[in-house]
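# with the sequence up front, the predicted model follows.
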Amino acid sequence: MLELVERHLETLRRSRLVATATTGGLLNEHFDLNVHCLMSGPLGGDLQIGALVAEEQLDLVVFLRDPLTAHPHDPDIQALMKVCDVHNIPLATNPATGELCVAAFAYADQGDQALAGAR
């Protein structure tokens, strides 16, 4: 996530950013971004992001995950993926799709987009 953000820092600085606590804290610390931090993923942060998707407050979700590692909050992750599909919100779950999605937003030059990140 840090590498993706570093490559697209100027685009992301113009966006409203939302993230789970750990990810948002890292982004704020490393890049001095104004990321709104929700709860940690296992404590409900993934579901909070899902609620923002359902309320049509996000334009893109970048949720980088390791598909080979078990996550104790996997049902929450699956629910987030489902709500993105239901509401037709782009969801990047690996670095390659994250790169494409953020680059597409940069190309569109939409300064008011709302992006969410979690890891």
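Arrived safely. Numbers count the residues shown, from 1 in each chain.
# check contacts around the closest residue to residue 44 other than its chain neighbours.
Nearest residue to residue 44 in three dimensions, chain neighbours excluded: residue 76, at 7.4 Å (Cβ to Cβ, 6 or more residues apart in numbering). From N, CA and C alone the C-beta is placed, and that goes for glycine too. Residues counted as contacts of residue 76 (Cβ atoms under 8 Å, 6 or more residues apart in numbering) are 41-42, 44, 46-47, 50.
# make a markdown table from the residues you listed and add secondary structure and distance to residue 33 to it.
Below are the contacts of residue 76 laid out as a markdown table (DSSP: H, G, I helix; E, B strand; the rest coil; distance: Cβ to Cβ, whole Å):
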| residue | secondary structure | distance to residue 33 |
| --- | --- | --- |
| 41 | helix | 19 |
| 42 | helix | 23 |
| 44 | coil | 22 |
| 46 | helix | 20 |
| 47 | helix | 23 |
| 50 | helix | 22 |
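# weed out the non-buried ones from those residues.
Buried residues within these, counting neighbours by 16 or more other Cβ atoms under 10 Å: 41, 44, 46-47, 50.
# ok, which stretches of this structure are strands?
16-19, 36-37, 60-63, 91-92, 114-118 (DSSP state E).
# to residue 80, which of those lies closest?
Of all these, strand 60-63 sits nearest to residue 80, with 6.5 Å by Cβ to Cβ.
# can I get that closest one as CSV, trimmed to CA atoms?
Extracted in CSV, the C-alpha atoms of strand 60-63 (Å, rounded to 0.1, in the frame of the first residue of the first chain):
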residue,chain,number,x,y,z
LEU,A,60,-13.1,3.4,-5.1
VAL,A,61,-11.9,0.9,-2.5
VAL,A,62,-8.3,-0.4,-2.4
PHE,A,63,-8.2,-3.4,-0.1
